[in-house]
Every structure is written in structure tokens, then in C-alpha cells.
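K.L.:
need coordinates for the below:
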Amino acid sequence: MDTPEISVVVLAYRSASTIQNFVDSLIDSLEKENLLWEIVLVGNYFSGVEDQTPEVVRDIAARDSRIKAVVKIKKGMMGWDMKSGLQVTTGKSLAVIDGDGQMPSSDVIRVYQLMKTNGLDLAKTYRAKRDDSFYRRLISVGYNILFKMLFPGINAWDMNSKPKIMTREFYEKMNLESNGWFIDAEIMIFARRLQARIGEVQTVFLSMDSRPSFVKPFSILEFLGNLFWYRVKEFFAKK
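P.N.:
Prediction:
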């Protein structure tokens, strides 16, 4: 079997009601681009919590050999899910996107084209327009300003935006540790440290109507703590 040109990891936590439409749209975009592709649907779940997502993603994968389902009892949040999906990819380029529909699935192709055209190690979106709350927008701006103050020189904005697409070579140089919401920022910290070639394209961040946000106020403290901790680690790594 030929190696896929792109593996798309779709984070589908508690997305049972929306993931089928998202996957259908994603497949349509990939097929129009005439790419060899695979999709990895991550339907990890917490034990004892009612969630139909594992069954839904298994059913989707059973109908197409190019789709894999990763379904495990969760031992972490988004970072743990992302790592569990990336570990089973086989493609030359690796994409990660949330499956909740806030970012259009068509962004995968737009970001992939940017990466290939410009010979980038890492390509991503930045949210030029956001339809979520003023509070979330304000927190995002403050967080990104703080990130660039602590890690100056990085050629990027909006560190948490997806999809992110990276070459396999870049992915294999990283040793991702975060099991939580910080993993997007951790990827960007590695990109800066490894002097990766980075590119961005703008997108629209849509509102979330099907479920409440999983990012709670405590997550802000987690982000801040991790930013300072990784800054300290990088400082001592250069000694």
C-alpha cells in the first residue's frame, strides 16, 4: 500500500452528533485535491461517562479502509488525545484539527497547499475572525502576546489555532509531553527551538452551538503555568 501524502488526525472527543458530517466534508476536500490520504479519528473517552463517540467513530472507520479509529480510555485531555492519534499515522505530512466544526475542514487543504508551495516544516491557521465570545477573544489575544514576549522571534501568531500541518521529519524531532490543552503551544515552542520554517493562513473561527466549551477557567491557569515553566526549562537547557 502506498504511503499517504497526508494523515489527518481529527480530535473527536464527545462529537458523536457532528463528527459524521465533518468527516464527509473533510473527505470531499481531500478527494478534490487528488491526494493519497488517511484519516485518524480520535474518539477517546472517560470511563463511566456516557458518550456515543467511540461507537460512532468505529462505525465510520469500518466503512473505509483509509480511516482509522483510535478509541481508548482517556488518561488526559486534548494533548493526550492528539499524541495518541499522531502515534498511529503513516503519512508524509501530519495534520491535526478539531472535529467540532469550529474550524472548516476545508482549511486542511488550504494549509497543506501553503506548506507544500513554500517548503515549510509547519503550517497553520490564525483566526482572523472569531464568532465566539468577547471573553474568549480577549483571553486569546492576551495569551498570544504573553507567548511572544516569553518566546520572542517566532514567526507566528495565534499559537492554539488549527489545523496544524507538519512534516513527518519535524514531528519526529519533537518529544511532545503535554497531556492537556497546552500541546498546541508546546508544538510552537519546539518550532521556535528547532528554527522550523513556519507559515500561516487566516481562517474564521465559528461559534460552537452543539455543546459547551471544554476549556474551563482553570485552563487559563494551566496555560500560564506551562508558559513560564517551559520558559524556565528552555533557559536552563541553554546553560
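K.L.:
low-confidence ranges in the protein?
P.N.:
Within the chain, the ranges that satisfy pLDDT under 70 run 133, 207-219, 237-239.
K.L.:
so which residue is smack in the middle of the chain?
P.N.:
Nearest to the geometric centre of the chain sits Val96, at 3.8 Å (C-alpha atoms, centre = their mean).
K.L.:
burial check on the residue nearest to Asp98 when sequence neighbours are not counted, number of neighbours?
P.N.:
Nearest residue to Asp98 in three dimensions, chain neighbours excluded: Leu11, at 5.1 Å (C-beta to C-beta, 6 or more residues apart in numbering). For glycine as for every other residue, the C-beta is placed from the backbone atoms N, C-alpha and C. Neighbour count of Leu11, defined by other C-beta atoms under 10 Å: 22.
K.L.:
next, find the distance separating the nearest residue to Arg231 once chain neighbours are set aside from Trp181.
P.N.:
Nearest in space to Arg231, with sequence neighbours left out and distances taken as C-beta to C-beta, 6+ apart, is Leu150 at 4.7 Å. Counting by C-beta to C-beta, to the nearest Å, the gap from Leu150 to Trp181 is 17 Å.
K.L.:
the more surrounded of these two?
P.N.:
Using other C-beta under 10 Å as the criterion, Leu150 and Trp181 rank with Trp181 on top: 19 against 14.
K.L.:
pretty sure the more buried one belongs to a helix, no?
P.N.:
No: applying DSSP: H, G, I helix; E, B strand; the rest coil, one finds Trp181 to be coil, outside a helix.
K.L.:
hang on, isn't it packed against Leu224?
P.N.:
No: Trp181 is beyond contact range of Leu224, at 11.6 Å (criterion: C-beta atoms under 8 Å).
K.L.:
pull the residues that contact the helix ranked longest in the chain.
P.N.:
Counting by DSSP state H, the longest helix found in the chain is helix 217-237. Applying C-beta atoms under 8 Å, 6 or more residues apart in numbering, the contact partners of helix 217-237 are 139, 143, 146-147, 150-151, 178, 180-182, 185-186, 189, 193.
K.L.:
now do stretch 169-189
P.N.:
Residues contacting stretch 169-189 (C-beta under 8 Å, 6+ apart): 75-80, 82-83, 86, 94, 121-122, 147, 151, 154, 156, 159-162, 164, 166, 190-191, 194, 196, 215, 219, 222-223, 226-227, 230, 234.
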